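J.: Need coordinates for the following:
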Amino acid sequence: MSAQISLRGCLQGHNGWVTSIAASPADANTLVSASRDHTCLVWNLQAGDMIDDPSLVMSCGTPVKSLQGHSHIVEEVSLSVDGQYALTASWDGTVRLWNVKTGKSEKTLSGHKKDVLSVCFSPDNRLIMSCGRDRTIKLWNTLGECQFTLDKESHNDWVTCVRFVPNMEEKPRIVSCGYDKLVKVWNLETMKVEYNLIGHSQVVNKVVVSPDGVLCASAGKDGCVIVWDLANGVENFRLTLEDPVTDLVFSPANYWIAVATTNEIVLFDLETKERVASVKPEFPPRSAKALVAYCTSLCWSLDGATLFAGYTDNVIRVWEVKAM
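T.: Predicted structure coming up:
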């Protein structure tokens with residue numbers, strides 16, 4: 001199977017790199033993005049016509065709320081299952097809980113001793129996980145109280161990303177990755193490491209879990225995407241790219257994974273292990289001194305037909321993805 005990726009338009013409003021994007025699980029017209037400009041923007045999406053020339057920018061949505069309160073870079077944003085609340089992780093050392101509708105900060109979760117790099121809701125919205133440069137992973141309740149700190153078997157360097165594994169009722173688990181080149185699978189009943197997934201040769205930037213909770217994929221500066229079996233902690237296969245990976249995300253509609261590098265966005269078929277599509281930044285730099293923008297964050301729409309991509313030129317590009 002192949003795919004076609006076409007630029008539908010852009011979302012412009014940030015004044016810094018777009019670090020993270022989250023689509024509302026409850027409303028296909030709502031998107032939230034985080035940025036190095038210390039804010040998050042809540043977007044109302046509207047249809048944009050197809051455009052062939054990437055230099056012609058068409059707006060695909062309007063920012064309706066700006067979530068302001070962090071005093072440093074916002075590294076990640078995560079939305080609750082009902083789409084009503086957002087979590088943000090910031091280099092100011094805090095996590096904040098926001099009401100998406102009002103744009104107000106309702107809780108500040110303080111406890112990390114250094115920059116917070118990742119945060120997420122549990123599938124049932126009852127728990128929050130965060131991690132950061134203090135080398136710890138923290139488990140919180142929604143009241144903002146720290147319930148447990150995973151530090152005894154934790155990473156021996158910065159923890160870059162943490163994710164819940166679906167099917168929490170069967171076996172509550174999380175996965176994490178870090179600068180120590182490791183991916184760890186944790187059992188939340190015992191608060192201990194179930195598997196250390198060893199395979200990367202450099203910093204691991206991101207780890208993501210498949211929608212069915214069977215697989216996880218990790219990637220980072222070594223340009224390798226490793227797909228792991230969560231049942232036994234074994235490497236299934238790896239996909240090799242030529243550049244450092246900045247983000248990756250499983251498709252909710254196809255057996256695909258989208259991977260962003262410092263050079264391109266690539267769509268892989270997980271069954272054939274083949275590239276089905278790729279797109280490079282063919283838009284011109286904003287000035288003579290500006291570097292060519294690259295993608296730092298990815299997010300699929302709920303139906304898997306649209307891929308939102310945040311770039312280092314502060315723009316979110318909206319790509320339409322069609323299976324051929």
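
J.: ok, the closest residue to Leu215 other than its chain neighbours - contacts?
T.: Leaving aside its chain neighbours, Leu215 sits nearest to Val227 (5.6 Å; criterion: CB to CB, 6 or more residues apart in numbering). (Each C-beta comes from the backbone N, C-alpha and C, glycine too.) When the contact criterion is CB atoms under 8 Å, 6 or more residues apart in numbering, the partners of Val227 are Leu215, Cys216, Ala217, Glu235, Asn236, Phe237, Arg238, Leu239, Ile257, Leu270.

J.: Specify the beta-bridge partners of Val227.
T.: Partner residues in beta bridges with Val227: Ala217, Phe237, with DSSP bridges as the criterion.

J.: what's the helix or strand for Leu307?
T.: strand 306-311 (DSSP states H and E).

J.: Val292 too?
T.: Using DSSP H and E, no element contains Val292; it sits outside every helix and strand.

J.: go on, the one 10 residues further on?
T.: Element membership of Leu302, judged by DSSP H and E, is empty: it is in no helix or strand.

J.: Next, the residue nearest to it when sequence neighbours are not counted: secondary structure please.
T.: Using CB to CB, 6+ apart and skipping residues adjacent in sequence, the residue nearest Leu302 is Ala28, 5.6 Å away. The three-state label for Ala28, taken from DSSP: H, G, I helix; E, B strand; the rest coil, comes out as coil.

J.: And for the one 5 residues further on?
T.: Under three-state DSSP, Ser33 falls in the strand class.

J.: sorry, back to before: what separates the residue nearest to Leu215 from Ser105, distance-wise?
T.: When CB to CB, to the nearest Å is applied, the distance between Val227 and Ser105 equals 37 Å.

J.: How about Ala34?
T.: Taken as CB to CB, the spacing of Ala34 relative to Ser105 amounts to 14 Å.

J.: which of the two has more neighbours?
T.: When neighbours are counted by other CB atoms under 10 Å, Ala34 comes out ahead of the other of Ala34 and Ser105, with 31 against 17.

J.: circling back: quick one, what contacts the residue nearest to Leu302?
T.: Residues in contact with Ala28 (CB under 8 Å, 6+ apart) are Leu45, Ser301, Leu302, Asp303.

J.: I'd say the second one and Ala23 touch.
T.: Yes. Counting by CB atoms under 8 Å, Ser301 does reach Ala23; the two are 5.7 Å apart.

J.: Neighbour count for the two, which is higher?
T.: Applying other CB under 10 Å to Ser301 and Ala23 shows that Ala23 carries more neighbours, namely 22 against 19.

J.: What helices and strands are in contact with the one helix or strand Leu197 maps to?
T.: For Leu197, the host element (DSSP H and E) is strand 192-198. Helices and strands in packing contact with strand 192-198 are listed as strand 182-187; criterion 3 or more CB pairs under 8 Å, 6 or more residues apart in numbering; DSSP states H and E.

J.: Thr261: what's its closest spatial neighbour, skipping adjacent residues?
T.: Going by CB to CB, 6+ apart, Thr261 has Asp243 as its nearest residue, at 4.0 Å.

J.: so that neighbour sits right up against Asn263, yeah?
T.: Yes. Checked against CB under 8 Å, the pair Asp243 and Asn263 is within contact range at 4.4 Å.

J.: Please identify which of those two sits among more neighbours.
T.: Summary of the neighbour comparison: Asp243 and Asn263, criterion other CB under 10 Å, with Asn263 having more neighbours (17 against 14).

J.: okay, the more buried one: pLDDT?
T.: Reading off the per-residue confidence, Asn263 sits at a pLDDT of 95.

J.: swap in Glu282?
T.: Predicted confidence (pLDDT) for Glu282: 69.

J.: Backbone torsions only: list them for Asn232.
T.: Backbone dihedrals for Asn232, given as degrees, to the nearest 10, come out at phi -130, psi 0.

J.: Near it, how many other residues are there?
T.: Number of residues near Asn232 (other CB under 10 Å) recorded here: 7.

J.: can you check Leu182 too?
T.: Per other CB under 10 Å, the neighbour tally for Leu182 reads 21.

J.: repeat for Ile265
T.: Ile265 is surrounded by 24 other residues when neighbours are defined as other CB under 10 Å.

J.: Next: the one 4 residues further on.
T.: In terms of burial, Asp269 registers 19 neighbours under the definition other CB under 10 Å.

J.: Tell me which helix or strand the closest residue to it other than its chain neighbours sits in.
T.: Across the structure, with CB to CB, 6+ apart as the measure, the residue nearest Asp269 apart from its sequence neighbours is Val276 (5.0 Å). Taking DSSP H and E as the definition, Val276 sits inside strand 274-279.

J.: Show me what counts as buried in that strand.
T.: The neighbour-count criterion (16 or more other CB atoms under 10 Å) identifies Val276, Ala277, Ser278, Val279 as the buried residues of strand 274-279.

J.: quick one: the residue nearest to Leu248 when sequence neighbours are not counted and Val32, what's the gap?
T.: Here the nearest residue to Leu248 in space, its sequence neighbours aside, is Val259; by CB to CB, 6+ apart that works out to 4.6 Å. From Val259 over to Val32 the distance is 22 Å, taken as CB to CB.
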